[in-house]
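**Q** fold the following for me, if possible:
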Amino acid sequence: MSAINMRAALAAAAVLGIAQMALGHGDVAPQPVNTDALPDVGEEWLIENPYREDKVGAETWAKAVEIGSSGYNQNCARCHGLGAVSGGLAPDLRFLEAAEYGDEWFMERFRHGYTQDGTTKMPAFAEVLGQKAGWAIRTYIETRPEDGALDAHSDRLHAIRDELASGTVADPAALKTELEAIAVEVKTASGAPVADSVASQAARMLTADAASWKKAAETLTVGLSATH
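**A** Alright, predicted model coming up:
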């Protein structure tokens, strides 16, 4: 089966999975998300993600991922899993294609939720969270790395983590460049061209300031432990 057909099949399975979920989060009130830092998208609901990097640039994309991560963890992780990695009770949203088809399906569920036999299995998020929050969450989900995406770089990332944690970094700029190079090689499960991996997260926060070394080391520690 081709990668495209595989993603389509997984997306179809996601639809079925939501309909069949025995445990939903219909009893959880949606939590508002602050999206003031994101560009406006207008009042009419879009059918394609406006916050992809090729549309808004790396800085705004990263902000959308950050806000989307917060929104997802507050509203979606209970059923769809931490880091968007499903534990089996709900569909694994990482495999929704990062294209108009996946966007339409995601936003339909986000806006209207899902009700089965009079029971809300998934609440409607549109009114409380709004469109900007929906697309930020979508951006976060579609940039999740595929399973095993960091395996080839695990040893080097651990070594970088140890160097940063030691507080004696000879050339932080070189480490930042290396982390950025690793980040480029990380593939997403959705087919999105840019992944928000632990490598890219650490690279973004790394500066000549020693305080950033500790923060980047902690990010690498948490991220690397989550891949095992």
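
**Q** next secondary structure element downstream of the helix or strand where A173 lies?
**A** Secondary-structure assignment from DSSP states H and E places A173 in helix 172-185. Scanning forward in sequence from helix 172-185 by DSSP H and E, the next helix or strand is helix 198-205.

**Q** for that following helix, output the C-alpha coordinates as PDB.
**A** The C-alpha coordinates for helix 198-205 follow below in PDB (Å, rounded to 0.1, in the frame of the first residue of the first chain):
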ATOM      1  CA  VAL A 198      12.600  17.800  20.300                       C
ATOM      2  CA  ALA A 199      15.700  18.700  18.100                       C
ATOM      3  CA  SER A 200      13.900  21.700  16.600                       C
ATOM      4  CA  GLN A 201      12.600  22.700  20.000                       C
ATOM      5  CA  ALA A 202      16.000  22.700  21.600                       C
ATOM      6  CA  ALA A 203      17.500  24.500  18.700                       C
ATOM      7  CA  ARG A 204      15.000  27.300  18.900                       C
ATOM      8  CA  MET A 205      15.700  28.000  22.600                       C
END
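
**Q** give me the residues contacting it.
**A** With contacts defined as CB atoms under 8 Å, 6 or more residues apart in numbering, helix 198-205 is touched by 62, 150, 153, 157, 160, 164, 176, 179-180, 182-183, 186, 212, 215-217, 219-220, 222-224, 226-227. Glycine gets a C-beta too; all of them are placed from N, C-alpha and C.

**Q** so of those, which ones are in helices?
**A** The helices, defined by DSSP state H, take in 62, 157, 160, 164, 176, 179-180, 182-183, 212, 215-217, 219-220, 222-224, 226 from these.
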